[in-house]
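A.B. asks: Compute the structure for the input listed below.
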Amino acid sequence: MDVRQNDVESVSAEPLVRSPRAVKAKKPFPSFQLAILFLLKLTEPINSTVIYPFVNQQVRDTGITRGDESATGYYAGLIASRVLSLFIPITDPADVPIAFGWLPAMWSTGITLGPLIGGTMAQPAVRWPDTLGHIQFFRDYPYFLPCVTAGGIAFISFLYAYYFLNESLPSAIQRQKRVEAGKAQRCLVQDQPYAPLLDPREPVTAYGARQEPTVDSNDSATGARILDAPPPLLSLLSRDLIIGLVNHGFYCFLDQSHTVLLPLMLSTSIQHGGLGFDSFTIGMIMGIWGISNAIFQLVSFSRIVKWLGPRTTYRFSFMFFITSFGAYPLMSVLARRTGHANTHVWFVLVIQLTLHCFACMSYPCAQLFILDAAPGNSALGAVNGLSQMMSSVVRTPAPTIASSLFSLSQGMQLLGGYLVYAVIIWIVLTGWSMSLFLPPTLRGQLKET
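C.D. replies: Numbers count the residues shown, from 1 in each chain. Presented below is the predicted three-dimensional model:
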C-alpha cells in the first residue's frame, strides 16, 4: 500500500480532528465568526503587497540608484521586508478541511486587492490629472493614497474583530462566567433588606479548613479542560512540530521570494532581465491571478486533500515552485530575442501563474500538520505562536535576499544573469526533501471544545 493510499484511508476513515469522547451532535458551521477571522487574515497580504506594483518605480524616482537600474531590486527588497489558533475550537472536526481551504483563498484575495490598490491608486495626480491632479498633496505624496487605503481596511477589520469576535479560549470563558456570576450575586444581596454574614447557599466547612475549587459535575469535561494549564513551551517542541515548522518555513521563504520577484521581474527593463511592464499592467496581472487562485483554492483544496491526503498534497503542490521560478529565465530569454513581451512570453507567464496556484496549497497543508502536533486545545495558542514566529523569521529577510540576488545576478551577469533562479530552485529541492520527514497521516489528537 503506497503513501497516497494510506493518506486517503486516514482522511476518509476519520475526521482530521477527532475527540476521544462519545460522538455528539455536529456543531453548526460558524460562518460569521469565520468570516471575521478571514477578514483579519485578508489584511496581512493586502498590506504586504500593496507596494509591489509601485515600489520599484518609487525607488527609481528617489534617484538612490543613480541611474543603475540593476540596483533597484536591492533597495526594493529593503522596503518590502493569532488567527489560526481560533479555527479548531469554533469549527466542527469534520469542517476543518473546509475552513482551512479558505486560508489560501483569503491570501489570494489579499494579494489580489493589494496590487490592484497599489497599481491603480499610485500617483493619482498623474493618473487623474483633471481631478486629483489639482490637489497639491497628491503631487507631493504620490503613494499616499494606496497606503492609506490598505491601512483603512486593516482598521475596519480590527473594529469588526473587537466588537463581534467571540472568545474561544476556555479559561477566558470561565473567568467571564465567574465575573458575571459575581455581579449577579452582588445585585441579589443589595436587593435584600439585610445582608447575612454568611451566604446560606455556600457549603459550610470546618473552622480552619480550606475549600478546594470544584467543577460542575454536569460539565466535568469542560471543567477538566479549563483546569488544565497550558504546557511549557519546551514540551511542545516534539519531532512532528519541528518538522512541520521547518516545512512551513521553507514555504514562507519561497512564497515571499516569488511575491517579490514577480513585480520586480515584470517591471525591470528587458535588457536587465525583466519584461518592462508598467505599474498598472503589473497590478492587473497580479490582481487577475489572485482572483483566479482564490476561486481555485475554494473549489479544489478540500477535495484534493480528501483524495490525496495532507502529506501527499503538500509534497505534490510544493514541487510546483520549480515551475514558478523556472519560468522567469525562460520569459527573459524570449523577451530578449524579440525586444518585447510577445505572445510566447505571455503564454509562459500564464502557465507559470496557473501552476503556481498548486504551489499555494502547501500553506494550509503545513498548518494542518503544525496544529495537529499540539497536545491539546490549551497548547493551540502557543503552537500557532511558534508558527507565526517561523513565518516572520523567514519572511522578513526573504525580500532582501531574493531581490538582492536578482540585482547581483544582473549586475555581474552571474550565470548569464540567472543565478538567482538557480539558487532558489536549489532551495525548493531542499525544502521538498524535508517533506519526506512529515508524518504519513494526521494524528488527530486535538480535542473538541
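
A.B. asks: which regions of the stretch 101-250 of the chain sit below the pLDDT cut-off?
C.D. replies: For the stretch 101-250 of the chain, applying pLDDT under 70 flags the ranges 101, 168-173, 182-231, 233.

A.B. asks: Give me the neighbour count for G411.
C.D. replies: 16 (other Cβ atoms under 10 Å). Just so you know, the C-beta spots here come from the backbone N, C-alpha and C atoms, and that holds for glycine as well.

A.B. asks: Show me what counts as buried in the strand or helix carrying it.
C.D. replies: Per DSSP states H and E: G411 is located in helix 398-412. With burial defined by 16 or more other Cβ atoms under 10 Å, the residues of helix 398-412 counted as buried are 398-411.

A.B. asks: how about the nearest residue to M265, chain neighbours excluded?
C.D. replies: Nearest non-adjacent residue to M265, counting by Cβ to Cβ, 6 or more residues apart in numbering: G274, 5.0 Å away.

A.B. asks: The one you found touches L262, doesn't it?
C.D. replies: No: using Cβ atoms under 8 Å, G274 is not in contact with L262, being 10.6 Å away.

A.B. asks: out of the buried residues of helix 398-412, what pair is the most spread apart?
C.D. replies: The largest separation in these, counting by Cβ to Cβ, is between A398 and G411 at 20.0 Å.

A.B. asks: Output the strand or helix carrying R311 as CSV - backbone C-alpha positions only.
C.D. replies: Using DSSP H and E, the element containing R311 is helix 310-318. The C-alpha trace of helix 310-318 is given here as CSV (Å, rounded to 0.1, in the frame of the first residue of the first chain):
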residue,chain,number,x,y,z
PRO,A,310,-2.4,16.1,3.5
ARG,A,311,1.2,14.9,3.2
THR,A,312,0.9,13.8,-0.5
THR,A,313,-0.9,17.1,-1.2
TYR,A,314,1.8,19.1,0.4
ARG,A,315,4.6,17.2,-1.5
PHE,A,316,2.8,17.4,-4.8
SER,A,317,2.0,21.1,-4.5
PHE,A,318,5.4,22.1,-3.2
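
A.B. asks: pLDDT (mean, whole number) over it?
C.D. replies: Per-residue pLDDT values across helix 310-318 average out to 94.

A.B. asks: ok, now stretch 346-361?
C.D. replies: Here the average pLDDT along stretch 346-361 is 95.

A.B. asks: Can you name the residues in contact with that stretch?
C.D. replies: 104, 107-108, 254-255, 258, 285, 289, 292-293, 296-297, 300-301, 304, 313-314, 316-318, 320-321, 323-324, 327-328, 330-331, 334 (Cβ atoms under 8 Å, 6 or more residues apart in numbering).

A.B. asks: Out of those residues, which end up buried?
C.D. replies: Among those, those classed as buried by neighbour count (16+ other Cβ under 10 Å) are 104, 107-108, 254-255, 258, 285, 289, 293, 296-297, 300-301, 304, 313-314, 316-318, 320-321, 323-324, 327-328, 330-331, 334.
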